[in-house]
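S.K.: Task: produce atomic coordinates for the following.
(4 chains, ligands or ions: 6)
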Amino acid sequence: MHNNELTLIIGGDAGQGVESSGTGFCRALTRAGLHVFSVQENRSRIRGGHNYYIIKTSEKPIISWDETVHLLVALTAESVELHAAKLEKGGAVICDSELGIDEVKISDLGISLISVPINKIAEEHGSKIMSNTAALAALAGLTHLDIQYIYSVIETNFKKKGAKVVESNRKVAQKAYDYVVENYGHVFPGRLNATGERQRMIMNGNQALSLGALVAGCNFVSAYPMTPGSSIFEWLNSHGDQYGLIAKQTEDEIAAILMAIGAAHVGARALVPTSGGGFSLMVEGLGLAAMVEDPVVIVIAQRPGPATGLATRSEQADLLFAIHAHQAEFPRIVLAPGDVKQCYEIGARAMNLAEKYQVPVIIMTEAFLTKSNRTLESDEIDFKQVKIDRGDLLTNDDLDGLTEPYKRYAFSESGISPRALPGHPNAVYLSTSNEHTEFGNLTEDAEIRTRMHDKRMRKLQTALSDMAGPELIGPESADVTFVCWGGTVCAVREAVNRLNNEGKIRANGLQFIDLWPFPVEKTAPLLERSKNLIAVEGNYTSQLALLIRMMTGVLISKKILKYDGRPISPEFILSHLKEVI
Amino acid sequence: MHNNELTLIIGGDAGQGVESSGTGFCRALTRAGLHVFSVQENRSRIRGGHNYYIIKTSEKPIISWDETVHLLVALTAESVELHAAKLEKGGAVICDSELGIDEVKISDLGISLISVPINKIAEEHGSKIMSNTAALAALAGLTHLDIQYIYSVIETNFKKKGAKVVESNRKVAQKAYDYVVENYGHVFPGRLNATGERQRMIMNGNQALSLGALVAGCNFVSAYPMTPGSSIFEWLNSHGDQYGLIAKQTEDEIAAILMAIGAAHVGARALVPTSGGGFSLMVEGLGLAAMVEDPVVIVIAQRPGPATGLATRSEQADLLFAIHAHQAEFPRIVLAPGDVKQCYEIGARAMNLAEKYQVPVIIMTEAFLTKSNRTLESDEIDFKQVKIDRGDLLTNDDLDGLTEPYKRYAFSESGISPRALPGHPNAVYLSTSNEHTEFGNLTEDAEIRTRMHDKRMRKLQTALSDMAGPELIGPESADVTFVCWGGTVCAVREAVNRLNNEGKIRANGLQFIDLWPFPVEKTAPLLERSKNLIAVEGNYTSQLALLIRMMTGVLISKKILKYDGRPISPEFILSHLKEVI
Amino acid sequence: MAELKDYLSPNKPTWCPGCGNFGIWNALKNALVNRNIKPHEILIVSGIGCGSKLPDYTRANGLMTLHGRPLPAATGAYLANHDLKIILTHGDGDGFSMGGNHFIHAIRRNIDVVDIYQDNKVYGLTKGQYSPTSEKGFVSKTSQRGSIEESVKPISLALGQGATFVSRGFAGDIDHLVWLIEQALDHRGYSLVDVFQPCVSFNKVNTYQFYQQRIYKLQDEEDYDITNRELAFKKSLEWGDRIPIGIFYKEEGKPTYADELVPLKEKPLVKQELGALISESLKSEFM
Amino acid sequence: MAELKDYLSPNKPTWCPGCGNFGIWNALKNALVNRNIKPHEILIVSGIGCGSKLPDYTRANGLMTLHGRPLPAATGAYLANHDLKIILTHGDGDGFSMGGNHFIHAIRRNIDVVDIYQDNKVYGLTKGQYSPTSEKGFVSKTSQRGSIEESVKPISLALGQGATFVSRGFAGDIDHLVWLIEQALDHRGYSLVDVFQPCVSFNKVNTYQFYQQRIYKLQDEEDYDITNRELAFKKSLEWGDRIPIGIFYKEEGKPTYADELVPLKEKPLVKQELGALISESLKSEFM
Ligand SMILES: Cc1ncc(C[n+]2csc(CCOP(=O)(O)OP(=O)(O)O)c2C)c(N)n1
Ligand SMILES: Cc1ncc(C[n+]2csc(CCOP(=O)(O)OP(=O)(O)O)c2C)c(N)n1
Ligand code: SF4
Ligand code: SF4
Ligand SMILES: [Mg+2]
Ligand SMILES: [Mg+2]
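M.R.: Numbers count the residues shown, from 1 in each chain, chains lettered A, B, ... in the order given. Ligands and ions are numbered 1, 2, ... in the order given. Sure, this is the predicted structure:
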């Protein structure tokens, strides 16, 4: 346990505020100048049932969570049972004295019990509801984190509720902090010292994705609530009035994608966040977008299935579905960010790609990533770097100058036809889900069909120029190469680091972000030079490996797979590595 | 033009009875002991717009339609314009004298004009509506087909409308027949002589599929009308009362699959016919069926897309969608018949496979096949050969004897758990779309999730024993091997025959009927011994070739593809063969 | 001034001769011209079906969506550009079977669109299956012994859900229909225009004659009060020898959906510059 | 005789303490026992949502489908085995948002099921978005300035569509609710039981107290006539200081869907031998 470098878990029942405590502590750490990486595990219920929040913090940037834990804040006895044994020797469990945890059992594990009258302090100095504040302050006390950071988070979280609430919470925090410092000040070796470094941001994957989209001009979002996609809608919904965005909750996901298409058709930049089940209902609409060539961006926040599956857990098993959804064939773009920063970048990039190619763009994320927090340097997110590219969109001037009748679906080499928005007298046109002529009118002519289909499909070829090959993790050459996509990349990065630090096996990794159209040429050489490809995926059938084989012929027969709803950790990769090589 | 071996086209406007005439003539030929193979091309409108019906007939079994045409029955001038030039020298065009077709233009093409006062005869001896009868009789007259066969079809078609209607139609037929025999008795060299052979059946792909399902115990069908899947529903609907089957027209396709699941859950054998667009709406339901392990059979009758596309035309572009539809992963079976007989067989087989493996089974057909008629020997369809296999379904006796609490989702090696239908006091159980325990109750336990997912996925492995490798067409070894699926096999068979008869290029083919779980082991050796693989598919991206590469690594880089909504003909294959080899 | 010829398209309708859709098509164009609305100022949104082909024959901005889905698409277009006048034309199958859910939800949002149903009480384009508005007992390809479902009641449902303009027209009475569509165009908020549309090919029950013998006009009744929802409901249940057409119910002054959206206070969404409101302060909430 | 303990499941409800679902759950079990219906004789079909978890806590045949889809699944089960007593329990989001279309169509088919809505006027399981039955102005996670949509009116819609049993209960009045569910179980045909269900976690408006202060029982009104659809419609629009519960409307003797199906004349579909009616004569139509 190095100073300013530890991992803690906050565990408790749904409804006890595990999530808000975790998020609050992440913020406090960020303000103290530390880096943070967090993961959440929730059950699909409102009250009761064990939830937990893992926070890893360090002075240095953190690329992954991992399974080494030093500290546990247990809001229930169950939480002690579930997690205490995972703690490193020398670790500590903070819990309410009322829980009656057996001190002997805990010390047998080589860890300390930090018994704090959390509820009592809260009730005495504020109200019962403030016990989360007390627990956080206790945590700060034990790790010697300056209480100012707790106060500052209290200020942020409660100022809307008025000065009195802020004041009571401060009081409670102070009492709990003091209690721990007094009673357990030197029990726990770990320290969290403010570094005084410049301010960073902290956000989770869904916030980053939403922010990226918003900055890139997203002004319309339509959605039906579905975990773990809803928080994108909710974030944008709560920023709509201020930033000129319409966020429409719909009657179902069919309406969500159709509204987005309608809005996009007249010129909005539309986003549709959902999860796999909701996307299933959007499949018909997806093809409509492709046929009328209206740009929409869809986010699939993956969770384990089939069907309802494990509603609040994580999986990476919708890739081949996203690529093949809808009858027949049409161009689409599929992208999968793997960390918070990539979520931001892809949120922005997708908005541009959709309009540039006039196609649906699908962003794949997963429960793990949606709610995993990471600190970002303020300049990692540069709004000015995001250029809004509306593609071949005709301006009013262009349209005023039109001399020929406007062909919305003009045959073109790139497959992209200059687009006019409805409303100009010189460009009155039809769009239809039926096969159509260059003017957009219905046709059944075999030749026009073939040419129009060719035109649409050519966009796939054109878009390849915008598709990057996989990102290299670690050194160019290695003994084993982990092939991954999505949030699994965090664990892969960490595993690669550890292996290379250890030095016995030289490792690297390839993260596929741009998945469709599949960048064959940019991928094949990278795969071919690898000696030992290992697919690391959060699914059963190794979908990325299947995709790679389909597109390049390269067979990846070694696999590290997980499909129990929990994300892959670096330790999971390392322990399974022995089995596969 | 050999006797009893010719191809004719009946062409006219929608609403003019092209379809009923074509079907009527097919039946007359069948009754005359001839073999028939027919194809239809329709526009997506009710009246007006050119439709046509190709009928190939022969004394010998026919494996495909082709582009050689000898005779045209033109109900409109447009029809003459569109088709006359395709006729072989020596051919003939039958049309109403009223159309005023230029005889010189026709004879310049080396064909004869058979001008018949069709409407006049109909009006004089019956009514205008009987002009189809007159046209068919004229056709019979020209080809010397015994008029008894026309009479017999009149009897079949009109007996419900009463003796008077039958009588008038006979009269009209006789007059038109006589007129042609008198005026053009020896103009056309082709003859259609009754062979007096034993009775055959004639049916199209959708009828055959429906019949197969019905014979295999299908007793529930739910559907929302969608071309070209609707005729399955309509056929079963009109046979429901007699054969104890419930056919429910639903409010949408979502309801269609959900009703089927509900019915299957309590023990019905359920079928859901649709087309790609309707299937898009069923995607969410598909995963529910898989998760609760209820057997349902879905038919996707493919048509060109995306979206509405060409509603009445044909394509083969939904294969990868069918295999990957729905979020996450689960076992399913995908089968694609290629001809009318296979439609019957697979209609029956699918019902058994669904119940045996307790999985959704998807049958892929395509517009071309749905309405293509073929004559079948009566013993090709043997109802008694179809054994109803309900799989591991617990009987009342089994349930009476249960001593342990019933586990609907018991872990098993095969992945299949013995199934009880709701209703027995010893087997009261829950099924849910959530991940669940062996009893069917909700769980979020990581280990149970993994085991339950493994159990479900094991069915794919188990089902492989029921999946056949591709069917070989032609000789075992050849210079080129056509790889195909679905209705394209008809043209491939004919192309293989022609090539081998010609002798320059030795050809064979592989037809994939059992597509998922993909029979890798049964396929790989066949592919490997082929020198020159050529994918022949009715789509843009060569989906079967992609699937083969994904599953076996074998790259098929030569392709003959068509996606203009019209089926692939043998001539199309042969003419493109040069380009690819 | 808008003129009829502005709406003239080179594409001729492919409807069957005598189809009620001709009447609806002409009435719509006339109503638009009478209200001086030009082709580029509107967006006609349709679904899939015979009636839904109307935009293909009309020179105007058109969006033919999927079977059953014109309403959500229209909602999106309306939210993004409420300067466009949005008109829907679609069938009874499209609107009340596949699209039934959107119907209920469009009403409760009071989106400002004119929603015209080409209600022929049958599935035309798929060749004659019974539809949600087919009368009980209607014999069709898929109801050979007669349909055994109660027909969907669009007027009653709209009234029950709080619609602000609920009306019914008849494709065989064009003058009345022109007037009705004008009223709908004038109304602010969701306007239902359910039009009896004879289908000469597949509905041999609800013919021109059938309607001519039965319909009467609510607005001809002296004491009819179009602001009385309960009375309207009572009239909506009337079916048999006498069938009412006209405006059943109208409620004025209720805000439309766009009226209540903060981002639309100044101008339509698509007329606002993209990304213009983004500022560095957005970052601070993450700090 | 059925007993309450027959319905006892080893799985305890995970609903929040005080949730209205406990009341509905108990009322349902009591009504079933009072009507002497045993767990193996029923099938409880639900969707996805807090309320839809009921089958997991109840020892009875259960089928938890997808969000919004219990009605078509129940329809299929009913058509295939109408000997099973089919009961649905699902939320307002499930039933009137995602499942709104199925609601209308189930009514018009008069399928013989008891359809219980756990109507808490909010999305519970997804943590507090406004729902289709949320009142206009309801503040939630996704309607921070208050919802701007008219709420869905299940009772009015059901009446407009011709439902044969239309009722409303309250999870806080279990005796009344038991009685109501018994009436619904007794009724032949589609029976709507819309239950006001306080959600203690996310709906701070429509609380136990809110209802207790406002509801009154239709069956306590002397002159209330449950066979008068127009009167029922009028009552269905009542919302404010006084909110009616009880049976709004009931129509007896109307055939159920299964009554009208020829293949079901003798016995349920699944009790007939598969393929028993197939004969060679089937071939002749193809000759
Ligand atoms: C998802 C889907 N299901 C089915 C269809 C097939 N389909 C096309 S039009 C139609 C019904 C047409 O009836 P209606 O909406 O009343 O329009 P009409 O043709 O009578 O004007 C159907 C079922 C489709 N296009 N999409
Ligand atoms: C297709 C689909 N979309 C969204 C969801 C997510 N979801 C689960 S429950 C629910 C809403 C719950 O509200 P309600 O039906 O009123 O039930 P309650 O939880 O309030 O009892 C939603 C939106 C889903 N499961 N499936
Ligand atoms: S089928 Fe009916 S609705 Fe369709 S065009 Fe013909 S008459 Fe009109
Ligand atoms: S969130 Fe509401 S509906 Fe769900 S269990 Fe809790 S109180 Fe009940
Ligand atoms: Mg219609
Ligand atoms: Mg609810």
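S.K.: tell me which parts of chain A are close to ligand 3?
M.R.: Within chain A, no position is near ligand 3 by Cβ under 6 Å from any ligand atom. For glycine as for every other residue, the C-beta is placed from the backbone atoms N, C-alpha and C.
S.K.: Up against chain C, what does the stretch 101-250 of chain A have?
M.R.: A:199-203, A:207, A:211, A:214-217, A:219-220, A:222, A:240-246, A:248, A:250 (Cβ under 8 Å from any Cβ of the partner chain).
S.K.: In the stretch 401-550 of chain A, what residue comes closest to chain D?
M.R.: Chain D sits closest to residue A:433 of the stretch 401-550 of chain A, with a gap of 20.2 Å, by Cβ to the nearest Cβ.
S.K.: pLDDT wise, what is that residue at?
M.R.: Per-residue confidence (pLDDT) for residue A:433: 98.
S.K.: returning to what we had before: of the residues of the stretch 101-250 of chain A next to chain C, which belong to strands?
M.R.: A:200-203, A:220, A:222, A:246, A:248 (DSSP state E).
S.K.: Tell me the one of those residues nearest chain B?
M.R.: For these, the nearest to chain B is residue A:222 (18.2 Å; Cβ to the nearest Cβ).
S.K.: Hmm, the closest one is touching residue A:268, no?
M.R.: No: look at residue A:222 against residue A:268 with Cβ atoms under 8 Å: they stay out of range, at 9.9 Å.
S.K.: Comparing these two, which shows the higher neighbour count?
M.R.: A direct count of neighbours by other Cβ atoms under 10 Å in any protein chain shown for residue A:222 and residue A:268 places residue A:268 higher, at 33 against 30.
S.K.: dump the residue contacts of that one.
M.R.: A:219-220, A:246, C:76, C:79-81, C:269-270 (Cβ atoms under 8 Å, 6 or more residues apart in numbering or on different chains).
S.K.: ok, and which of those residues reach ligand 2?
M.R.: By Cβ under 6 Å from any ligand atom, no member of those lies near ligand 2.
S.K.: As CSV, those with pLDDT would be great.
M.R.: Output for the contacts of residue A:268, formatted as CSV (pLDDT from 0 to 100):
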residue, pLDDT
A:219, 98
A:220, 98
A:246, 98
C:76, 98
C:79, 98
C:80, 98
C:81, 98
C:269, 98
C:270, 98
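S.K.: so which of these comes closest to chain B?
M.R.: Nearest member of these to chain B, counting by Cβ to the nearest Cβ, is residue C:76, at 16.4 Å.
S.K.: what separates the closest residue to the closest one other than its chain neighbours from residue A:499, distance-wise?
M.R.: Excluding the flanking residues, the one nearest residue C:76 by Cβ to Cβ, 6 or more residues apart in numbering or on different chains is residue A:262, at 2.7 Å. Going from residue A:262 to residue A:499 by Cβ to Cβ, to the nearest Å gives 51 Å.
S.K.: More neighbours: which of the two?
M.R.: residue A:262 (33 against 23).
S.K.: Identify the residues contacting stretch C:174-181?
M.R.: Under the contact criterion Cβ under 8 Å, 6+ apart, stretch C:174-181 has outside partners C:23-24, C:26-28, C:30-31, C:34, C:114, C:116, C:167, C:169-171, C:193, C:195, C:217, C:245-247.
S.K.: same thing with stretch A:171-180?
M.R.: A:94, A:114, A:116-118, A:121-122, A:124-126, A:130, A:133-138, A:140-142, A:147, A:150-151, A:154.
S.K.: Can I get the ones in strands among the residues of the stretch 101-250 of chain A next to chain C in TSV including distance to residue B:63?
M.R.: TSV is the format used below for these (distance: Cβ to Cβ, whole Å):
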residue	distance to residue B:63
A:200	71
A:201	68
A:202	68
A:203	64
A:220	54
A:222	51
A:246	58
A:248	55
